[in-house]
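Participant: what shape does this take:
(chains A and B)
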Amino acid sequence: MRLASLRHSTPFRLALTFGVLFIVTFIVSGAVMYHMLSAGLARQMDASLHEMNSVIASTYAPDDMEDLVATLNSYVNLQTTKDGLYSLVDPKGVRLAGNFTAIRMRPGIYTIKPEDIGLPGSGRFRIEVTQLGPNMLVVGESFSDMDDLLRIVLVSLGWAAVLVVVAALGGGIFLAARAQHRLDAVARTMLDVSNGRLDSRIPLQGRSDDLDRVGMQINSALDRLSGMVEGMRQVSADIAHELKTPLNRLKMTLDDAIRGAARGRDVGQLLADARAESNQINATFEALLRISQIEAGARRQRFQNVDLTEILTFVEEVYASVAEDNGQALNLLPSPIAAFQVQGDKELLTQMVVNLVENAINHCPPGTRIDMSLVSAHAEIVLRVADNGPGVPAEERDKVFRRLYRLDKSRTTPGSGLGLSLVRAIADLHSAHIGLADNAPGLAVTVSFQSV
Amino acid sequence: MRILLVEDDRKTSEYVAKGFAEAGHSCDVLGDGRDGLFQAQRESYDVLVVDRMLPGLDGLSIVRSLRAARVGTPALFLTSVGGVDDRVEGLEAGGDDYLVKPFAFSELLARVNALARRPPVQEQKTVLKVADLELDLIRREARRAGQVIELQPREFTLLEVLMRGEGRVMTKTMLLERVWDFHFDPKTSVVETHVSRLRAKIDKPFQAQLLHTVRNTGYSLHAPR
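Facilitator: As a prediction, the model looks like this:
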């Protein structure tokens, strides 16, 4: 991966941000630790200095300096390094004991350099000055032990910091590169798809992590999308094919009329035929438009509680006489439940039932019985329109929902082959499941709604 | 009757204007939405026929602006998309009727006639009368020559719509919309069936025919001429 592209990669930026945050945190906490350690050590040093000073001072008696001098000198002799400062001077500035001659100072604790008190050498010392009667006691200790310790701490902190930086940046880049690799796979797939390869899918790691979940969702969206595109391709091919026939018929009729008019014949009937043909073509387009509008789903926003019983009662009222005139019988079977409420669009649901009933009326011979019914089962409301007419062969039952599909290949019965597609679109809009079954004999269409 | 047609497709507007002229109406044609709005406000028309999609200003906005300016001229929308949402939008904007393209001229003429003669203020008539046929809207009762006629509720509505449009042609589509609230084309003879049943009740037993079939267009209820 190139650095330029890394700069714009989200995982890398995240890793870098967290790495920097981690390093800064480590440095700050190291500094705090160092500061607290040195402060603690200084306090401890003061305490031990004071304790030593007290021990030495306790040997002082105003009339006998022997003990004090002996103690002080034994401290001087006992010390392993040359780090301790011990001095007892009389009021005249003469050293009574110790390893250096202190100049006169006021009692207290000081941090000094050797030259401050007229000594050679370097480094810093902590001294405590006490007044013992007329004499002055100075006890001091070098900072060198503490400085050594702090230096060790600092060096180890430094090494740790190097490790942290390397681990944070290296690990971050490693993890980022892995995430980036998978994101690149997603991007590659989408590029493939936009280039027209609709069967391209995002490779999954099988770890069901977030990237896999997103990948799965995109893949299933792609599945649906490619299904829809395939369907659309199919439909536009069907439409083009289906409309060629009536357009050709229209053209032939008009040709006839033109020829007839040229010979002075009456062409009124031919023109009426042409108009009827063009009306049929218009109706087909109208129905196609309506289906696609319904499929767009905007009407779902206007869903309300709809009583299916009311719709069936209305359809029965309107169509019973139409069926009767056709020598058929349309019945609404009684149901023990008074109302079947679903969320839906009343106008569209009415049209759906009308289409089913008209289908039965148009495709069944006289003497047919058409029954509408509503039943409630397993949290579902099942609307059923059944007839005892010729029925639909089992192998055709899936195809009848396809746009422009006609069971009657000779096309002697009225219809555009869109009625059931519209029924399907309306059912889909209502998340209802539609099924065709053998009514033995005849056809039973069921539309299963989820109850409110 | 004076009609203003706002339509940008030349072929359609020529066809419609010619039809209106032949029917004895005067028709002004404009192709631009803004011109249409201006003209509709300046002159007094009986009916406006407005295309939904227009250059300058769309049909919906024209009617909305007119209604905002308290111009109550009845307006009919011509739409090329007959989706329910478009229809509802048109009626909500203040349109009085709509017609989906492509349309038959007889359908447009019938609707324009129905719009123009619609009384400006709906009188609260309780009894409709055509010749010796009476429809009592309060008692929900039909009577002809003094004889009570039994009607189904929907037959009653059908007769009411026909009687309110007395002397005018009611197309099948208009009846489907107004009686059954169907905004789609049924594939069976719903209208014919119900009209013939109504006719059997109100016309058959009597001498003079009131309910007439207008060929290729629809039905008209009027006294014998």
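Participant: which one is the residue minimising distance to the centre of chain B nearest to, not counting chain neighbours?
Facilitator: Centroid-nearest residue in chain B, with C-alpha atoms, centre = their mean: B:Arg111, separated by 3.1 Å. The shortest distance from B:Arg111 to any residue other than its chain neighbours is 5.4 Å, reached at B:Asp97 (C-beta to C-beta, 6 or more residues apart in numbering or on different chains). No exception for glycine: its C-beta is placed from N, CA and C like everyone else's.
Participant: for the one you found, list the residues it contacts.
Facilitator: B:Pro74, B:Ala75, B:Leu76, B:Phe77, B:Arg111, B:Ala114, B:Leu115 (C-beta atoms under 8 Å, 6 or more residues apart in numbering or on different chains).
Participant: with B:Ala104 instead?
Facilitator: Counting by C-beta under 8 Å, 6+ apart, B:Ala104 has contacts B:Thr217.
Participant: need the phi and psi values for it.
Facilitator: Main-chain torsions, B:Ala104, degrees, to the nearest 10: phi -90, psi 140.
Participant: what residues does chain A put near chain B?
Facilitator: A:278, A:282-283, A:286, A:289-290, A:293, A:298-299, A:317-319, A:321-322, A:325-326, A:347-348, A:350-351, A:354-355, A:358, A:361-362, A:414-415, A:419 (C-beta under 8 Å from any C-beta of the partner chain).
Participant: 7 Å - rerun?
Facilitator: A:282-283, A:286, A:289-290, A:293, A:298-299, A:317-318, A:321-322, A:325, A:347, A:351, A:354, A:358, A:361-362, A:414-415, A:419 (C-beta under 7 Å from any C-beta of the partner chain).
Participant: thinking again about what came up before, from the contacts of B:Asp97, which two are the most distant?
Facilitator: Across the contacts of B:Asp97, no pair lies farther apart than B:Phe77 and B:Ala114, at 14.6 Å, counting by C-beta to C-beta.
Participant: and these two? Which one has more around it.
Facilitator: B:Phe77 (25 against 22; other C-beta atoms under 10 Å in any protein chain shown).
Participant: next, see if the host helix or strand of that one gets close to chain A.
Facilitator: Using DSSP states H and E, B:Phe77 maps to strand B:75-79. No. Interface with chain A: strand B:75-79 contributes nothing (C-beta under 7 Å from any C-beta), its closest point being 11.3 Å away.
Participant: for that strand, list every residue counted as buried.
Facilitator: B:Ala75, B:Leu76, B:Phe77, B:Leu78, B:Thr79 (16 or more other C-beta atoms under 10 Å in any protein chain shown).
Participant: now tabulate the residues you listed in a markdown table and tack on pLDDT.
Facilitator: Formatted as a markdown table, the buried residues of strand B:75-79 follow (pLDDT from 0 to 100):
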| residue | pLDDT |
| --- | --- |
| B:Ala75 | 94 |
| B:Leu76 | 94 |
| B:Phe77 | 93 |
| B:Leu78 | 89 |
| B:Thr79 | 84 |
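Participant: chain A: which of the residues you listed is nearest?
Facilitator: If you rank the buried residues of strand B:75-79 by distance to chain A using C-beta to the nearest C-beta, B:Thr79 comes first, at 11.3 Å.
Participant: phi, psi for the residue lying closest to the closest one once chain neighbours are set aside please.
Facilitator: Counting by C-beta to C-beta, 6+ apart, B:Thr79 lies nearest to B:Arg52, which is 4.5 Å off, once chain neighbours are set aside. The phi/psi pair for B:Arg52 (degrees, to the nearest 10) reads phi -70, psi -40.
Participant: cool, B:Ala68 as well?
Facilitator: Dihedral pair for B:Ala68: phi -70, psi -30, per degrees, to the nearest 10.
Participant: who's in contact with it?
Facilitator: If you count contacts by C-beta atoms under 7 Å, 6 or more residues apart in numbering or on different chains, B:Ala68 has none.
Participant: and after the helix or strand of chain B with the lowest mean pLDDT, which helix or strand comes next?
Facilitator: Across the helices and strands of chain B, mean confidence by mean pLDDT, DSSP states H and E is lowest for helix B:84-92: a mean of 81. Following helix B:84-92 in sequence order, the next helix or strand is strand B:97-100 (DSSP H and E).
Participant: gap between B:Gly24 and B:Ile3?
Facilitator: 11 Å (C-beta to C-beta, to the nearest Å).
Participant: these two: which is more packed in?
Facilitator: Ranked by neighbour count (other C-beta under 10 Å), B:Gly24 and B:Ile3 place B:Ile3 first, with 23 against 7.
Participant: that one: what secondary structure?
Facilitator: In three-state terms, and counting by DSSP: H, G, I helix; E, B strand; the rest coil, B:Ile3 is strand.
Participant: quick check: nearest residue in space to it, chain neighbours excluded?
Facilitator: B:Cys27 (4.6 Å).
Participant: ditto for B:Val6
Facilitator: Counting by C-beta to C-beta, 6+ apart, B:Val6 lies nearest to B:Gly36, which is 3.4 Å off, once chain neighbours are set aside.
Participant: show me the shaky parts of chain B.
Facilitator: Residues of chain B that meet the criterion pLDDT under 70 lie in B:81-84, B:117-124.
Participant: which residues in it form helices?
Facilitator: B:10-22, B:33-42, B:59-68, B:84-92, B:105-116, B:153-164, B:172-179, B:190-202 (DSSP state H).
Participant: for A:Leu149, which of those helices is the nearest?
Facilitator: Smallest distance to A:Leu149 across these (C-beta to C-beta): 82.6 Å, for helix B:84-92.
Participant: now that closest one: buried residues?
Facilitator: For helix B:84-92, by 16+ other C-beta under 10 Å, it's B:Val84, B:Asp86, B:Arg87, B:Glu89, B:Gly90.
Participant: do stretch B:93-110 as well
Facilitator: B:93-101, B:103, B:106-110.
Participant: check stretch A:7-25 too.
Facilitator: A:Ser9, A:Pro11, A:Phe12, A:Ala15, A:Leu16, A:Gly19, A:Phe22, A:Ile23.
Participant: redo the residues you listed as CSV? Include pLDDT.
Facilitator: Shown next, in CSV, are those (pLDDT from 0 to 100):
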residue, pLDDT
A:Ser9, 79
A:Pro11, 80
A:Phe12, 81
A:Ala15, 83
A:Leu16, 83
A:Gly19, 84
A:Phe22, 86
A:Ile23, 86
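Participant: export the residues you listed to TSV and tack on distance to A:Ala437 and secondary structure?
Facilitator: Formatted as TSV, the buried residues of stretch A:7-25 follow (distance: C-beta to C-beta, whole Å; DSSP: H, G, I helix; E, B strand; the rest coil):
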residue	distance to A:Ala437	secondary structure
A:Ser9	56	coil
A:Pro11	54	helix
A:Phe12	59	helix
A:Ala15	59	helix
A:Leu16	63	helix
A:Gly19	65	helix
A:Phe22	66	helix
A:Ile23	70	helix
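Participant: from the chain's centroid, how far away is stretch A:212-226?
Facilitator: 13 Å (C-alpha atoms, centre = their mean, to the nearest Å).
Participant: and the residue lying closest to A:Phe143 once chain neighbours are set aside, what does it touch?
Facilitator: Of all residues not flanking A:Phe143 in the chain, A:Arg124 sits nearest, at 4.6 Å (C-beta to C-beta, 6+ apart). Contact analysis of A:Arg124 by C-beta under 7 Å, 6+ apart lists A:Thr111, A:Lys113, A:Phe143.
Participant: out of those, which end up buried?
Facilitator: Listed as buried from those are A:Phe143; burial here means 16+ other C-beta under 10 Å.
Participant: B:Ala145 and B:Phe206 touch, don't they?
Facilitator: Yes. Judged on C-beta atoms under 7 Å, B:Ala145 makes contact with B:Phe206 at a distance of 6.4 Å.
Participant: now stretch A:203-221: buried residues?
Facilitator: A:Leu204, A:Leu211, A:Asp212, A:Gly215, A:Ile218, A:Asn219.
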